[in-house]
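[1] build me a structure from this.
(chains A and B)
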Number of protein chains: 2
Amino acid sequence: MTDTTADLITPVILCGGKGTRLWPLSRSSWPKQFLQLTGPKSLFQETLLRVSDAKRFAPPIIVTNDEYRFIVTEQAEDVGCALGAVLLEPVARNTGPALVAAALHAAGDEGEASEKLLLVLASDHELQDDAKYKNCVAAAADAARAGYLVTFGIKPTKPATGFGYIETGAELMKGVHQVARFIEKPALAEAEKMLASGNFAWNSGMFMLRTDTFLSETKTYAPDVFAAAEAAVRSAKPDLDFLRLDEADFAQSPNISVDYAVFEHTDKAAVVPADITWSDLGAWDAVWKSSGPDTDGNVLRGPATVHDTHSALIVSEGAHVTVDGLDDIAVIASPDAVFVSRLSEASRAGDMVKTLSANPETSHLTETHLTCYRPWGGYSSVLSGDRFQVKRLFVNPGKKLSLQKHHHRSEHWVVVSGSAEVTIGDEVKILAENESAYIPAGAVHRLANPGKILLELIEVQTGSYLGEDDIIRIEDEFGRS
Amino acid sequence: MTDTTADLITPVILCGGKGTRLWPLSRSSWPKQFLQLTGPKSLFQETLLRVSDAKRFAPPIIVTNDEYRFIVTEQAEDVGCALGAVLLEPVARNTGPALVAAALHAAGDEGEASEKLLLVLASDHELQDDAKYKNCVAAAADAARAGYLVTFGIKPTKPATGFGYIETGAELMKGVHQVARFIEKPALAEAEKMLASGNFAWNSGMFMLRTDTFLSETKTYAPDVFAAAEAAVRSAKPDLDFLRLDEADFAQSPNISVDYAVFEHTDKAAVVPADITWSDLGAWDAVWKSSGPDTDGNVLRGPATVHDTHSALIVSEGAHVTVDGLDDIAVIASPDAVFVSRLSEASRAGDMVKTLSANPETSHLTETHLTCYRPWGGYSSVLSGDRFQVKRLFVNPGKKLSLQKHHHRSEHWVVVSGSAEVTIGDEVKILAENESAYIPAGAVHRLANPGKILLELIEVQTGSYLGEDDIIRIEDEFGRS
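    The predicted model follows:
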């Protein structure tokens, strides 16, 4: 191989999960991978940055869905990472068909003969990008080039019952072992035995694959998955920067993980036992652990005060949270929802999401935040009344909303920061800070930020119906009209 | 006595407390007595209604302070109770001088010779106004007319350590006993002994007094208290419906309760043992108890969901609160603060208030709510930005704000309900729902509600300084200019 780009590894980042156990911060419209859980960057951004070295990695392929597409592109732009492709799954079918689609897209014209290396990553894990990790990736790449389908097996640090395990067999190459067998999420006693034995690793959901090996093994062991994904890629439609997989085709695939579909059947499976700092941040107790508790065992994020309290995780994006006299406690507060449980049982948040989702009066609390992001910026719901609501709109520099109208509501806009270009009917005017505009119901209008700084405005809507669906988009640069 | 009004009992309602242990709902600017803790009426309103029978009671005298004066008058008007007088304490000096001032005011021209009966009540207790209670009041009135200073002793239902106790002595009259002794808040062992003995009652802070007896005993046993209060009443200044006690005089009084000042010294003290349903609602666990827990021992108020949870009190005026897998837990949520503790230790809220008050960054959480009430209505802080803030204003029918101006902020008003009369400079205009007005910085302006329904408007303030103290009141019907 003389083409140097052929040696590059193409990352595939799976970005369609919902992360319900990190509710109420994680919501179906803005899930875990897009949250800043471990620092100023989201988990997805951290994942992008780990594969941003252009000497080692090609631009990544992201597999996500329609709802998250603009979050993906905005967050990537925000950390200056170019994306290779953004594939949109029309329906969720687990990792099996998603990876086949990503592999076929990466293979491109070479098709099933392509020898590209794919590094498959979850978008919502925490991982220390140190020498140990880099060695694991290098070993996995060597093994994948040699024709193995490689999975990363994390060295266990506790008898976790929430992961699948891999029993490691004989060493195949330096740092690469045969997979003796895959083990489902175990009971505690079995997990303890596996931890003690030293021959077992957590199944991390990270893989290194050569496209040709992966595609031919999938064709052999999961032909229906292969066929559905292959048809969905062939009929895919580009939309701005996105590639929409065909819905009718993709939906034909069984809902199956790549582990079940391929790894548990193929004799080419190999594992790189990885003694690395890794967490799937699967629930709030994992976030607590990775956040470095203080000497009382407490982690406080956002406005919080504790007294006589130990082993506590307090995360607030809303009210000032105070806790007095409790041990082993988690309090997670969004502006519109608070979750309280024992820290050691914080995965109960996932059950609470099920309870709330089943109730029409509370299901919105699992779906959306009071702040919603849009490709042009976003808005926060600030106040809702009987026949009015107040929103804070923020429009990124150079962006414009769609040309639109509403049947049932009038809007008052007051610019509080930046400048706005406001189109109402045939009239276009520039509003500076402290200036306002009125858009009567039925008027065709458009808002844009022609400036260099963020535009913020307060919108007061009045009318008999104030739902987001009262919008007629006449023209839209984000392909939504 | 042929004058029938002379037989009426004059209630004196002490309404100056801060109730910190019911934080975060109770704040120093809107404390416990004004909260709707047990039903749709506030504790103060419930207290007013218990003494609203004009055949038995004269209009009540309220002792409060400057900060609460309009809350007192608004809440009284809201339940249709006329007030006899509203005395404003210029500084807090406990119940001793407050009661002397109230007694002197009630005595009026008759002065220390007045034989008026005073029923002294806390404004923040819960009490079942049934036949048992009425009998106690009648017995106390008889004893007070006979020259006793009567205190109500509540029959204990548990070995409470948070109350003072009274040992009952020999029966003086039907249902009225000598006070054998007063006991300070006891340790648990002593409380248990007293509960078992049956001869002890909780000191409730309710009294029945004849003005002449009370004043002469105070003069004897607490002459400095008497002198300070007497001078403060003599130099008091009327202000609208209020009577402002003189600050310099009133401040001379020691800070002392009427128990310490008089009851523990006089040989005229008597006690009516009262086997009544009463609670001082001293902390959240008392609110839980009086709210009638469900079969799981839970009380939920406001948006809340619990699962696998027992003996819980959830009160929310803000976010939807969810609790999973906890027993003995209290979660109290305001829009800007959340308190979490064991329910059985919920009085820790009082300590938390001390902690938060001591920190300049959090002290506001103990002082004000996001919603502030004014004599004309009030406002809620809805959103605060760097150089802007958004408020929801509500103006009661027929009320008007002061004629005012601001140096540093401009205001945009959008009427969302009702109609507004807006004065800007020399111009007066009526705004209907969905109409707006702009008030530039420096412009003299006034807002009024000329209509029959509540006026609600959204105010967007912009400017470099947005503090409430940037207000020049030119004219005000509430005496604040």
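[2] from here on, contacts and neighbour counts on C-alpha atoms
    OK.
[3] just checking: what are the partner strands of the top strand by length along chain A?
    Longest strand of chain A, by residue count under DSSP state E: strand A:200-210. Within its sheet, strand A:200-210 is paired with strand A:117-122 (antiparallel), strand A:149-154 (antiparallel), strand A:165-173 (antiparallel), according to DSSP bridges.
[4] now that strand: average pLDDT?
    Averaged across strand A:200-210, the pLDDT comes to 96.
[5] run through who's touching that strand.
    Outside strand A:200-210, the residues within contact range by Cα atoms under 8 Å, 6 or more residues apart in numbering or on different chains are A:115-122, A:140-141, A:144-145, A:147-156, A:163-168, A:194, A:273.
[6] ok, back up a step: just put the strands paired with strand A:200-210 in TSV and tack on mean pLDDT and mean neighbour count.
    Listed next are the strands paired with strand A:200-210 as TSV, based on pLDDT from 0 to 100; neighbours: other Cα atoms under 10 Å in any protein chain shown:
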stretch	mean pLDDT	mean neighbour count
strand A:117-122	98	24
strand A:149-154	98	26
strand A:165-173	97	18
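[7] please produce TSV containing those strands, extended by distance to residue A:28.
    Output for the strands paired with strand A:200-210, formatted as TSV (distance: least, Cα to Cα, whole Å):
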stretch	distance to residue A:28
strand A:117-122	17
strand A:149-154	28
strand A:165-173	28
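[8] show me what counts as buried in the helix or strand bottoming out on mean pLDDT in chain A.
    Using mean pLDDT, DSSP states H and E, the weakest-scoring helix or strand in chain A turns out to be strand A:371-374, at a mean of 86. Residues of strand A:371-374 classed as buried: A:371, A:373, A:374 (neighbour count, 16 or more other Cα atoms under 10 Å in any protein chain shown).
[9] how about stretch A:134-142?
    A:136, A:137, A:139, A:140, A:141, A:142.
[10] just the ones of these in helices?
    Secondary structure from DSSP state H places A:136, A:137, A:139, A:140, A:141, A:142 of the buried residues of stretch A:134-142 in helices.
[11] contacting residues around the fourth one?
    Translated: residue A:140. Residue A:140 is in contact with A:150, A:151, A:152, A:176, A:208, A:272, counting by Cα under 8 Å, 6+ apart.
[12] partners of the least confident helix or strand of chain A, with directions?
    strand A:377-384 (antiparallel).
[13] give me the buried stretch members for the partner strand, please.
    A:377, A:378, A:379, A:380, A:382, A:383.
[14] next, the contact list for the closest residue to the first one other than its chain neighbours, please.
    Pointing back at residue A:377 there. Using Cα to Cα, 6 or more residues apart in numbering or on different chains and skipping residues adjacent in sequence, the residue nearest residue A:377 is residue A:395, 4.6 Å away. For residue A:395, the contact set (Cα under 8 Å, 6+ apart) comprises A:376, A:377, A:378, A:448, A:449, A:454, A:455, A:456.
[15] which phi and psi values does residue A:395 adopt?
    As for residue A:395, its main-chain torsions (degrees, to the nearest 10) stand at phi -120, psi 120.
[16] where do the strands sit along the stretch 251-400 of chain A?
    For the stretch 251-400 of chain A, the strands defined by DSSP state E, counting those that start in this stretch cover A:269-274, A:278-279, A:299-301, A:304-307, A:310-316, A:320-324, A:327-333, A:337-341, A:371-374, A:377-384, A:388-395.
[17] which other helices and strands contact the third one?
    Contacts defined by 3 or more Cα pairs under 8 Å, 6 or more residues apart in numbering or on different chains; DSSP states H and E place strand A:299-301 against strand A:310-316.
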